[in-house]
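Q: Provided below are the primary sequence and the corresponding predicted coordinates.
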Amino acid sequence: MQKLTNKEEEIMHVLWKLEKAFVKDVVAEMKDDNPHYNTLSTIIRNLEEKGYVSHTAYGNTHQYFPIVKKEDYRKRFMKTAIDNYFNSSYKNMVSFFAKEEKISADELREILETIEKRSK
């Protein structure tokens, strides 16, 4: 699975949300960014070449859909981030978020409960 650019990732989030979409549908979902239709079409074709997206042809137009599940991409992305930024340590990652005050004690307790339930 090739790494995606930020823009490709943004488009994948739209496709995961819509499940099937024509380029015009993706353009409509990206109102804040206001990308040009041709640019977006090129990026989606690049996603297809990378194996993230496929399409159904309707004459000269294509309806695109993701073939990589969001969960599969998330697992790979998180593993890479943890390997690269936290020395492959989930403990280091959780400590980082605790120090940055991005996770509360209550949330940590919930995580511990999940871990304890899983190990039973």
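A: On my side now, so go ahead. Values in this document were obtained by computation on a predicted structure and should not be read as measured data.

Q: just after the longest helix belonging to the chain, pick out the following helix or strand.
A: In the chain, with assignment by DSSP state H, the single longest helix is helix 70-85. Once the chain leaves helix 70-85, the next helix or strand it forms, by DSSP states H and E, is helix 90-99.

Q: the next helix or strand along the chain from that next one versus helix 90-99: what angle between them?
A: Counting by DSSP H and E, the next helix or strand C-terminal to helix 90-99 is helix 105-118. Here helix 105-118 runs at an angle of 160 degrees relative to helix 90-99 (axes from the mean of the first three to the mean of the last three CA atoms, to 10 degrees).

Q: pLDDT of helix 105-118, averaged?
A: For helix 105-118, mean pLDDT is 89.

Q: repeat that for stretch 71-90.
A: With pLDDT averaged residue by residue, stretch 71-90 scores 91.

Q: tell me which residues in that stretch are buried?
A: By 16 or more other CB atoms under 10 Å, the buried positions in stretch 71-90 come out as residue 73. Just so you know, the C-beta spots here come from the backbone N, C-alpha and C atoms, and that holds for glycine as well.

Q: using PDB, list the CA coordinates for it.
A: The C-alpha coordinates for stretch 71-90 follow below in PDB (Å, rounded to 0.1, in the frame of the first residue of the first chain):
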ATOM      1  CA  GLU A  71     -10.000   0.600   8.700                       C
ATOM      2  CA  ASP A  72      -7.200  -1.100   6.700                       C
ATOM      3  CA  TYR A  73      -5.700   2.300   5.800                       C
ATOM      4  CA  ARG A  74      -6.100   3.500   9.400                       C
ATOM      5  CA  LYS A  75      -4.200   0.500  10.800                       C
ATOM      6  CA  ARG A  76      -1.300   1.000   8.400                       C
ATOM      7  CA  PHE A  77      -1.200   4.700   8.900                       C
ATOM      8  CA  MET A  78      -1.200   4.300  12.700                       C
ATOM      9  CA  LYS A  79       1.400   1.600  12.600                       C
ATOM     10  CA  THR A  80       3.700   3.800  10.500                       C
ATOM     11  CA  ALA A  81       3.100   6.900  12.700                       C
ATOM     12  CA  ILE A  82       3.800   4.900  15.900                       C
ATOM     13  CA  ASP A  83       6.900   3.400  14.400                       C
ATOM     14  CA  ASN A  84       8.200   6.700  13.100                       C
ATOM     15  CA  TYR A  85       7.300   9.100  15.900                       C
ATOM     16  CA  PHE A  86       7.100   6.900  19.000                       C
ATOM     17  CA  ASN A  87       9.800   4.300  18.500                       C
ATOM     18  CA  SER A  88       7.200   1.600  17.900                       C
ATOM     19  CA  SER A  89       5.900   2.100  21.400                       C
ATOM     20  CA  TYR A  90       2.200   2.500  22.100                       C
END
